[in-house]
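Visitor: test case, fold it:
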Amino acid sequence: MTKNIPAGAVDCHAHVTQADASGPQGPNAAHSGNHSVEAYLDVLDGGGISRGVLTAPSFYGTDNSLLLSALARSGGRLRGTATVAPSIDAAALGQMHDLGVDGIRLNYIGRKEFIDLSTPDYQRLFSLLCDLDMHVELWIYSETLPQVAPHLQKSRVKVVLDHFGGPQPKDGTGAGDVSPILELLAQGRTWVKLSAPFRQRGVHLQPCVDAFLDAGGEERLVWASDWPFVRFEDSVTYAQCIDWLFEWIPDERIRNRILVENPKSLFGFS
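Guide: Prediction:
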């Protein structure tokens with residue numbers, strides 16, 4: 001069955017990686033494989049997807065050279081989310097924004113040290129992001145959100161939650177607690193990516209999607225593939241990622257909004 005993908009559709013989360021010595025190196029880079037921006041653009045073309053958003057892999061730390069190179073070679077089809085030190089100066093952040101970076105990423109998963117967003121450096125960074133109309137992308141489990149959200153809301157920076165917001169499993173039934181995610185959605189400056197069901201700790205996702213929509217999330221949901229499916233390369237395909245979206249959102253009007261209009265305004269695509 002051929003999917004009816006609307007013109008201008010956006011994949012809002014993917015990675016480019018380079019495992020050899022010519023690319024940025026991090027503790028897990030050797031295990032990431034080589035996934036070039038050209039390969040990703042081919043994948044987008046094969047799926048009928050017009051544009052994409054590249055997220056800097058956490059294992060590269062604050063070295064965004066591979067990301068920036070990919071954006072420069074994308075012909076304007078891609079935007080990016082970078083990892084930066086909280087002390088980055090306004091000029092450097094502005095330059096990255098000019099090169100196609102629309103947000104910064106904070107990863108709370110698998111970290112030994114908690115990222116404290118109450119510090120002056122982070123509050124200053126969020127103010128700079130607001131000035132540039134950039135966002136903070138969070139990869140976080142929902143049970144940690146109450147410790148983090150107040151410091152983001154204080155600054156009024158835009159927030160994008162990776163991978164359904166990481167709903168907390170409850171009762172061993174497959175149900176997921178999305179209440180902290182819904183609280184953020186109600187604030188009006190938060191978006192949620194419908195992406196990476198294979199990273200969801202066994203939570204059944206259709207009830208989560210329905211809860212997001214019931215809470216008015218139609219305007220603030222986006223879709224993403226999480227290509228190249230790091231650690232799941234042999235079990236996930238791009239076509240599956242598209243199929244999942246059509247299962248979660250059978251309504252074509254809402255689905256097209258999630259694929260086109262929401263990411264277009266959120267990530268600054270012209």
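Visitor: any idea of the pLDDT on Asp121?
Guide: pLDDT, Asp121: 97.
Visitor: my error: substitute Lys170 in the last question.
Guide: Looking at Lys170, its pLDDT reads 88.
Visitor: now Pro27
Guide: 47.
Visitor: for this protein, what spans make up the strands?
Guide: 10-14, 51-55, 78-82, 101-107, 135-139, 158-161, 168-170, 175-177, 190-194, 221-223 (DSSP state E).
Visitor: spit out the contact partners of the closest residue in space to Ser155 that isn't next to it in sequence.
Guide: Leaving aside its chain neighbours, Ser155 sits nearest to Phe126 (3.6 Å; criterion: C-beta to C-beta, 6 or more residues apart in numbering). From N, CA and C alone the C-beta is placed, and that goes for glycine too. Contact partners of Phe126, counting by C-beta atoms under 8 Å, 6 or more residues apart in numbering, are 117, 136, 152, 155, 157.
Visitor: related to what we said a few turns ago, out of the strands of the chain, which is closest to Asp251?
Guide: strand 221-223 (11.9 Å; C-beta to C-beta).
Visitor: what pairs with the closest one, parallel or antiparallel?
Guide: strand 190-194 (parallel) (DSSP bridges).
Visitor: average pLDDT for the partner strand?
Guide: 97.
Visitor: just the C-alpha atoms of that strand, please, in CSV.
Guide: Once non-C-alpha atoms are left out, strand 190-194 reads as follows in CSV (Å, rounded to 0.1, in the frame of the first residue of the first chain):
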residue,chain,number,x,y,z
THR,A,190,5.8,22.5,24.4
TRP,A,191,5.9,20.1,21.4
VAL,A,192,6.1,16.2,21.5
LYS,A,193,7.7,14.0,18.9
LEU,A,194,5.8,10.9,17.9
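Visitor: about what we covered before: any chance of the strands of the chain in a markdown table, plus distance to Trp244 and mean neighbour count?
Guide: As requested, the strands of the chain are exported to a markdown table (distance: least, C-beta to C-beta, whole Å; neighbours: other C-beta atoms under 10 Å):
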| stretch | distance to Trp244 | mean neighbour count |
| --- | --- | --- |
| strand 10-14 | 13 | 27 |
| strand 51-55 | 17 | 25 |
| strand 78-82 | 22 | 25 |
| strand 101-107 | 23 | 23 |
| strand 135-139 | 19 | 24 |
| strand 158-161 | 17 | 25 |
| strand 168-170 | 19 | 16 |
| strand 175-177 | 16 | 18 |
| strand 190-194 | 8 | 24 |
| strand 221-223 | 9 | 25 |
